[in-house]
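Student: starting from these lines, generate the structure:
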Amino acid sequence: MQKERITNTLNELFNDSKYDRIKIAKGVAKSIFRPIKPTDFEEAYLSISKEQGEHLVQIIKENNFKNIIEFGTSFGISTLFLAQGILDTNGHIITTELLESKAKKAIENFKKAGVNNLIEVRIGDAIETLKNHKEPVDLLLLDGWKYLYLPLFQMLEPNFHSKTIIYVDNADMTEVKAFLNTIAKDDKYQLQSKFNNKAVLISLKK
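Tutor: Numbering: from 1, shown residues only. I've put the predicted structure just below:
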């Protein structure tokens with residue numbers, strides 16, 4: 001029943017997000033006059049695909065992941081896929097969103113899906129909301145403002161363990177490619193591309 005509620009909520013959100021490209025284009029257009037800001041995409045979902053979401057569920061279940069951190073909640077689509085996974089592992093999600101308006105809508109979606117008790121939403125700059133995190137990180141989903149990928153990775157790195165997976169979305173974007181090139185220079189990590197290079201999985205070499 002709970003999984004069905006998640007699926008129904010996800011279907012509604014994906015249906016609502018079908019005009020996302022128009023909203024994104026409007027946000028990008030504003031960069032003609034000034035640098036792009038997160039508020040330019042306040043109404044855009046900026047979500048992962050269903051295929052990516054299903055892959056995240058598979059990763060969580062196969063590895064029995066319990067401690068999940070997500071950077072970039074948006075309206076909660078990717079978070080709901082993470083929740084589908086941890087239903088089977090008795091896990092917990094910490095997700096962080098810069099924009100309060102988006103975070104509030106995400107919380108409403110989590111309540112609608114019946115999983116708000118599994119998800120801790122932190123509102124604000126992720127560098128602050130995740131500062132001093134001391135718990136192990138099984139899965140880190142990087143899907144927020146791109147220039148923060150590297151500092152967040154470095155800040156949370158002491159909490160990685162031998163089975164940790166860092167899921168990097170938008171891997172085909174210039175800023176993210178620079179981040180991945182930096183990580184690739186460290187011999188202890190291995191990188192695996194997925195979904196025609198849209199996503200990359202980072203893990204520690206065995």
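Student: report the buried residues of the helix or strand encompassing I202.
Tutor: Per DSSP states H and E, I202 falls inside strand 199-204. Neighbour-count burial for strand 199-204, counted by 16 or more other CB atoms under 10 Å, picks out 199-203. For glycine as for every other residue, the C-beta is placed from the backbone atoms N, C-alpha and C.
Student: who does that strand pair up with?
Tutor: Next to strand 199-204 in the sheet, as set by DSSP bridges, lie strand 165-169 (antiparallel), strand 189-194 (antiparallel).
Student: centre of the chain to the first helix or strand past the first one going along the chain, how far?
Tutor: So that's strand 165-169. Following strand 165-169 in sequence order, the next helix or strand is helix 174-184 (DSSP H and E). The chain centre lies 17 Å from the centre of helix 174-184; the measure is CA atoms, centre = their mean, to the nearest Å.
Student: just the CA atoms of helix 174-184, as PDB, please.
Tutor: This file holds the C-alpha atoms of helix 174-184, laid out as PDB (Å, rounded to 0.1, in the frame of the first residue of the first chain):
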ATOM      1  CA  THR A 174      30.600  21.500 -18.000                       C
ATOM      2  CA  GLU A 175      30.900  22.200 -14.300                       C
ATOM      3  CA  VAL A 176      30.200  18.600 -13.400                       C
ATOM      4  CA  LYS A 177      32.700  17.300 -15.900                       C
ATOM      5  CA  ALA A 178      35.300  19.400 -14.200                       C
ATOM      6  CA  PHE A 179      34.300  17.900 -10.800                       C
ATOM      7  CA  LEU A 180      34.500  14.400 -12.200                       C
ATOM      8  CA  ASN A 181      37.900  15.100 -13.700                       C
ATOM      9  CA  THR A 182      39.100  16.100 -10.300                       C
ATOM     10  CA  ILE A 183      37.800  13.000  -8.600                       C
ATOM     11  CA  ALA A 184      39.200  10.800 -11.400                       C
END
